Structure formats: structure tokens, C-alpha cells
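> Here is the input, now give the coordinates:
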Amino acid sequence: MTGLLPRIEQNLRNRQLLRRGQTVLVAVSGGLDSMALLKILHMLSGPHRWKLAVAHFNHQLRGRSSDADEKLVRQTAAALKLPFISARAEVRKFAGKSGLSIEMAARKLRHEFFARAARERNISVVALAHHADDQVELFFLRALRGAGGEGLAGMKWRSPSPVNWKIMLIRPLLDAGKSELRGFAREHRIRFREDATNAQLDLPRNRVRHELLPLLRRHYQPALTRTILRLMEIVGAEAEVVGEMARQWLKKAGRDGPPGRPRTPRRGVPTFAKLSVAVQRRVLQWQLMKLGVPADFELVERVRRSPDAFVSVGPGFSTARDAAGRVNLRTQPTVGFKVNEVTVNLADRAGEVDFNGVRFRWNFEGTRKAARLNQKAGCEFFDADKVGGQIVLRHWRAGDRFQPIGLKSAVKLQDLFTNRKIPRARRRDLVVAEAGNGMIFWVENLRMAEPFKLTPGTKRRLVWRWRCGSD
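Predicted structure coming up:
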């Protein structure tokens, strides 16, 4: 493990994460990663004259175990003669009140504490213990959610705090693996505490960590960490190029100023229609974000594909883009659940229908020849006999329940929307498809329904395709 320390020192120096003599707030949970980070920075602080302070946030999620974590960090800071700052909050209660998941609520409160503690002590840098294994887990979590290039690039070595942009977050361990840190802790007899919740498989990150990644390493790619980190580097670099092209176009087109105050575009600027699709998306995404609108992929695509077609983005607000690529926000009367619906007869072998700006096409296939399923975006396959000969296309309603494939029972659509972080106003625009028996077999932006999946007993397949906008 002797090679780990000089490598981390080189990261700090070459990536300009810390200046000589700088004060840094070290975020320490009491677990292996952060206790190793604290030890590493303390060992390096002498030659570089860094001043360290230790910050610990007690989430109060594990009772006495959480208090024991705090006690260990406090004792360690005292042994190293370092200032210790702590805070605590009832994360579970806050999550319930705010409608956030436990993980997101904990992250929000934790970062608010770090920013507050740093600001009160005139510290501009907070060191976090994220490492290479965290990056790989994050890559798969975001890939499974359909993230773009910026998201798949993962965490950066240096980035502004989400609470206060004047405070920088640094991550000196991003190229160090968990096994390296464990060996370092063993070599230097570092005390740390194991978090029992890290083994609970009801959390998506833990399922990725304990089920998906071991499977991929065992059967597909033993060097998975190195491969994914390289992929993240490539994707991140390409995303930066697209971002820079979008920034330059916005600047030349006079769209980089405050919302609603465009400047005269420069001569020779390519029209919005001539931009590549990737740059169009980023141009719209940044304009939406500047307007305070959560710019998920589905919203960006609806705005991009259908100029001048307003889409609801919040209570009393809708947005659209004009032919020149300028995004506009307008107020509209606040509405409740949308009650319009359309009944579709599936008696014909094939057909199509438009509903709420989404075009649906369907046809039936037999299964006798076991034709290969052409699985791709915008297409699902259902057991036709279970769906029935007549369906209803409508919007989400209060009390709707849905059973995504893989789940043992139906759950409230509202809970699924919350877990997917779909904005409240956007939920009312989403389309659901109701089978002949009254059960929902398809929901826009979600997985297909478990009761309607193909099985060995399926005799006919319903091929269900959809596309937003006019494309």
C-alpha cells in the first residue's frame, strides 16, 4: 500500500486540488473510506502545511450505531489534535416532509451542513472520500436511469458545492479502489465502523454493488473498474465538447444573457435546425435550466421535436421553443388532473392513433415461429390476449396503481413518479394505457407491466410503439 500515498499526493498536486498552506474541511463519516482519507491528508499535511478540520454529520438513521460513528470520529479528531465540527438531523422525518428519498434527503442535509460549517470558518475547500468503486456504481445507476453524457461522466475531482458555489468539493481518492483503501487502513491500523445498511438490498446502489457488479466481473469483465473509469473519461470529454459547442452557439446567437433579453445574433451563426441533435439538446437544456425548469430528457425531446408546442412544466407554467431555438416560458391557468381520454379498438391487425402529442402504432404477431424480438427504445411487446381487444389511453389519475415488470405487486403510480424524480406537473402530462380488464399495462417513461409480459404460454404478441412529437 506504500504506492497509494504518493499517488494521492500526486493527484492533489497535478490536479491542483489543494494549495500549499490551505485549510481544508475533511468530511468524515466514520466508515473506511473517509477515515482513510483523513489519515492520508493528515500524513501529507506536514510537508504541504495544510490545516485540517474534521466535519461529521449524524443522520440519526441507525440509532446507537449512528452515535457510535460520531463518537469514533470525535475521538480520532482529538487524537490528531484537529478541530471537530458536528451536526445531526432526523433525516427520515425530513424525507417524509419534503417528499425526497432517504438517500436524497441525507445528501441535501449533509451538503448544507458542510457548506455552513465551511462558511462559518472561512474555509473554501471540503474534501470528500468518494473513490473509484463509487464512480463505477454511480455510472451504472445513472445508465439504468437513462442519463446523458454529463451524468455518465460521474463525479469530478473538483466541483462546486451544490449549496454554495464559492465552496469547492475535492475528491482526492477517485482513482483509488476500495480494496486499496482497506489495505491502507490495515497497514496503518486505522479504526473505522462498518455501516450495516450497506448490505441492505432494498437500496438500488447496494443491489448494483452486491449483485450486478460481481456478476459482470465474474462472467464478463474482470477489469470492470478500469474499463468503466476509462469509458467515463471518454464520455465526459465528449460531453464537454458538446457543451462547449452549445455555449458558443448560445453566445453567438445572443441567448447567453438573462432569460427574456436576447441580443442580436452575430452574422454567419448556423440556424438551430442545422445544429447536430446533441448540440440542440444541450442548447435547450441550458435555456430550460436558466428558466428554473427541470430539464429531463423527455421534456427536452418534446420541446426539441415540436416547435411552438407548449408543454406543461409546473403549476401554472408551460414552455416551448420557437423555430430559432429560443425557449419561452408562459403562465397558464393551474389545472388539476386531465380527464380527456380515448378508447382504442384493437380488433384490426394493425393501426395507429395520436393522443396528447404522442403517436402510437400497434400490430400483432404470432409466436409459433418464435420470431426474434427487436427490442429497442419506443417499442414494447405484450401478451395480446391479456391486454384485450379494447384499450383506453388517458392521463395519470389520483389512486392509479401499476405493477412494473419484476415487482411482485402493484404500487401507487405517484410513488413510482416520486422515486423516478419526475416533476409533479410533468406527471399529469404522462400517458397511461389501460387494458380491457381495467389494469394499466403501459405508462409513459416507465417499464412495462408484469401481468402483461410475454410468457411461454403467450399465443399472440402485441407490438406497441410510441413516439413523441411529429417525428
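
> my guess is residue 59 meets residue 93, correct?
No. Contact criterion CB atoms under 8 Å: residue 59 and residue 93 do not qualify, at 11.2 Å. All C-beta spots, glycine's among them, are computed from the backbone N, C-alpha and C.

> Give me the more crowded residue out of the two.
More crowded of residue 59 and residue 93, by other CB atoms under 10 Å: residue 59, with 20 against 11.

> Now do the contacts for the more buried one.
66, 88-89, 91, 106, 109-110 (CB atoms under 8 Å, 6 or more residues apart in numbering).

> Could you export the residues you listed as JSON lines, including secondary structure?
Output for the contacts of residue 59, formatted as JSON lines (DSSP: H, G, I helix; E, B strand; the rest coil):
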{"residue": "66", "secondary structure": "helix"}
{"residue": "88", "secondary structure": "strand"}
{"residue": "89", "secondary structure": "coil"}
{"residue": "91", "secondary structure": "helix"}
{"residue": "106", "secondary structure": "helix"}
{"residue": "109", "secondary structure": "helix"}
{"residue": "110", "secondary structure": "helix"}
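
> Mind giving me the PyMOL select for those, buried ones only?
The buried subset of these, as determined by 16 or more other CB atoms under 10 Å, is captured in PyMOL by this line:
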select buried, resi 66+89+91+106+109+110
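
> Quick one: the helices in the stretch 1-150 of the chain, in order.
Here the stretch 1-150 of the chain has its helices, by DSSP state H, counting those that start in this stretch, at 4-14, 32-48, 64-79, 91-98, 102-120, 132-144, 149-152.

> Nearest to residue 175 among the ones you listed would be which one?
Residue 175 lies closest to helix 132-144 among the helices of the stretch 1-150 of the chain, at 5.7 Å (CB to CB).

> Outline the domain layout of the chain.
4-227, 253-331, 341-468 (automatic domain parsing).

> could I get the ones you listed as JSON lines with mean pLDDT and distance to residue 244?
Converted to JSON lines, these look like this (pLDDT from 0 to 100; distance: least, CB to CB, whole Å):
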{"stretch": "domain 4-227", "mean pLDDT": "92", "distance to residue 244": "12"}
{"stretch": "domain 253-331", "mean pLDDT": "80", "distance to residue 244": "10"}
{"stretch": "domain 341-468", "mean pLDDT": "83", "distance to residue 244": "27"}
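
> now for the ones you listed, which one comes closest to residue 239?
With CB to CB as the yardstick, what comes closest out of those is domain 4-227 (3.1 Å).

> Quick one: end-to-end length of the closest one, please.
20 Å (CA to CA, to the nearest Å).

> and it, how far out from the chain's middle?
From the chain centre to the centre of domain 4-227 is a distance of 18 Å (CA atoms, centre = their mean, to the nearest Å).

> Could you export the domains of the chain to a markdown table, including columns for distance to residue 247?
Converted to a markdown table, those look like this (distance: least, CB to CB, whole Å):
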| stretch | distance to residue 247 |
| --- | --- |
| domain 4-227 | 13 |
| domain 253-331 | 7 |
| domain 341-468 | 25 |
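
> For residue 234, find the nearest of those.
Here domain 4-227 is closest among the domains of the chain (CB to CB), at 9.1 Å.

> can you count the residues close to residue 222?
11.

> Surely it is in a strand?
No. Looking at residue 222 with three-state DSSP, it is coil, so not inside a strand.

> Next one: it relative to residue 28, how far apart?
Distance of residue 222 to residue 28, computed by CB to CB, to the nearest Å: 32 Å.

> Would you agree residue 101 is in contact with residue 95?
Yes. Residue 101 is within contact range of residue 95, at 6.5 Å (criterion: CB under 8 Å).

> Compute the first-to-last residue distance for stretch 55-70.
Note: stretch 55-70 ends 10 Å apart using CA to CA.

> closest to residue 434 out of the helices of the stretch 1-150 of the chain?
helix 132-144 (26.9 Å).

> Which elements pack onto the closest one?
helix 149-152, helix 204-207, helix 213-219, helix 224-252 (3 or more CB pairs under 8 Å, 6 or more residues apart in numbering; DSSP states H and E).

> Select, out of those helices, the one closest to residue 47.
Nearest to residue 47, of the helices and strands packed on helix 132-144 and by CB to CB, is helix 224-252 at 28.3 Å.

> and the next helix or strand after that closest one, C-alpha only, in PDB?
For helix 224-252, the following helix or strand on the C-terminal side (DSSP states H and E) is helix 277-290. Extracted as PDB, the C-alpha positions of helix 277-290 are listed here (Å, rounded to 0.1, in the frame of the first residue of the first chain):
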ATOM      1  CA  VAL A 277     -29.100  16.800 -32.400                       C
ATOM      2  CA  ALA A 278     -26.700  16.600 -29.400                       C
ATOM      3  CA  VAL A 279     -26.000  20.300 -29.500                       C
ATOM      4  CA  GLN A 280     -29.700  21.100 -30.000                       C
ATOM      5  CA  ARG A 281     -30.500  19.100 -26.800                       C
ATOM      6  CA  ARG A 282     -27.800  20.900 -24.800                       C
ATOM      7  CA  VAL A 283     -28.900  24.300 -26.100                       C
ATOM      8  CA  LEU A 284     -32.400  23.700 -25.000                       C
ATOM      9  CA  GLN A 285     -31.400  22.000 -21.700                       C
ATOM     10  CA  TRP A 286     -29.300  25.000 -20.600                       C
ATOM     11  CA  GLN A 287     -32.100  27.500 -21.500                       C
ATOM     12  CA  LEU A 288     -34.600  25.500 -19.600                       C
ATOM     13  CA  MET A 289     -32.300  25.300 -16.600                       C
ATOM     14  CA  LYS A 290     -31.700  29.000 -16.700                       C
END
